[in-house]
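Visitor: What follows is a predicted structure for the sequence shown.
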Amino acid sequence: MSFPALLSLSLCFSMMSAGFLHSMPDRDPASTLFVVNTSYRISGDFIPDVRSAGVPGQSRHLQAEAAHALEGLFAAAKQEQLNLYSKSAYRSYGRQKVIFGRKVNANKGSEEKANLYVALPGASEHQLGLAADIIGRGDALHPKFADTAEGRWLAENAHRYGFIIRYPQGKEWITGIQYEPWHLRYVGKKVAEEMLHAGLSLEEYTSKKRAEHYQYLLNLNKD
């Protein structure tokens, strides 16, 4: 094979490699689309750079971009005479391990039942610093939160600040987690709006985007 042909082939492989990496932001820990679940866990030594968001709550630490967005969300809710409260935000691997252990004990030693309500250590979005459990003052982490004024407002407005209801109703078979109207995940405004309008979970959205990018790369190769 001639040198020009080898060079062309090398450039082609480089472009394909870069394209494939670009098509998988759900596997990039630095991406706001990084998917963490039972199938894709993060190691115990993964520690994101987080700061305390200026909002009411007992746990408020998030990555800077998400913390800023949460502050905007809370401010907008307050203008509507709604008082939100951050119940839980960033958690370390060790903290998640403790919480999961308690849920296992509460379910008579069944990890399978516990995992319906609490993620396994390494499989929790809270370890990313991009997720927060948000409720109204005095509310509990319960599906009935969706029927409160705060719960309805979050469902209708979270996307305006880059958040999604990460574990939506009817998608349990995809997310592996029961409906949690209080669990917000930061993905950015554009993506949050696209997901809301398309009715997609994060797993579905990232799979769709990956397939679209793969098809784009295949079409480039045909040309």
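Guide: In hand now; what should we look at? Numbers count the residues shown, from 1 in each chain.

Visitor: Need the nearest residue in space to P56, chain neighbours excluded.
Guide: Y85 (5.3 Å; CB to CB, 6 or more residues apart in numbering). To be clear about C-beta, it is placed using only N, CA and C from the backbone, and glycine gets the same treatment.

Visitor: what about the closest residue to A149 other than its chain neighbours, is that helix, strand or coil?
Guide: Sequence neighbours aside, L82 is the residue nearest to A149 in space, at 6.1 Å (criterion: CB to CB, 6+ apart). Three-state call for L82 (DSSP: H, G, I helix; E, B strand; the rest coil): coil.

Visitor: Next up, the contacts around the residue nearest to P56.
Guide: 56-57, 134-137, 139 (CB atoms under 8 Å, 6 or more residues apart in numbering).

Visitor: In CSV, list these along with distance to L128.
Guide: As requested, these are exported to CSV (distance: CB to CB, whole Å):
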residue, distance to L128
P56, 22
G57, 18
I134, 16
I135, 20
G136, 24
R137, 26
D139, 24
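
Visitor: Please list only the buried members of those residues.
Guide: Among the contacts of Y85, those classed as buried by 16 or more other CB atoms under 10 Å are 57, 134-136, 139.

Visitor: so who does the residue nearest to A149 touch?
Guide: By CB under 8 Å, 6+ apart, the residues touching L82 are 136, 149-150, 153.

Visitor: and of the contacts of Y85, the nearest to V104?
Guide: I135 (23.9 Å; CB to CB).

Visitor: just checking, the closest one is part of a strand?
Guide: Yes: counting by three-state DSSP, I135 is part of a strand.

Visitor: and the gap between the spatially most central residue of the chain and Q79?
Guide: Centroid-nearest residue in the chain, with CA atoms, centre = their mean: R185, separated by 4.2 Å. Note on R185: its distance to Q79, by CB to CB, to the nearest Å, is 23 Å.

Visitor: re earlier: so what does the nearest residue to the residue nearest to the centre of the chain once chain neighbours are set aside have for phi and psi?
Guide: Once flanking residues are discounted, R185 sits nearest to R166: 3.9 Å by CB to CB, 6+ apart. In terms of degrees, to the nearest 10, the main-chain angles of R166 are phi -70, psi -40.
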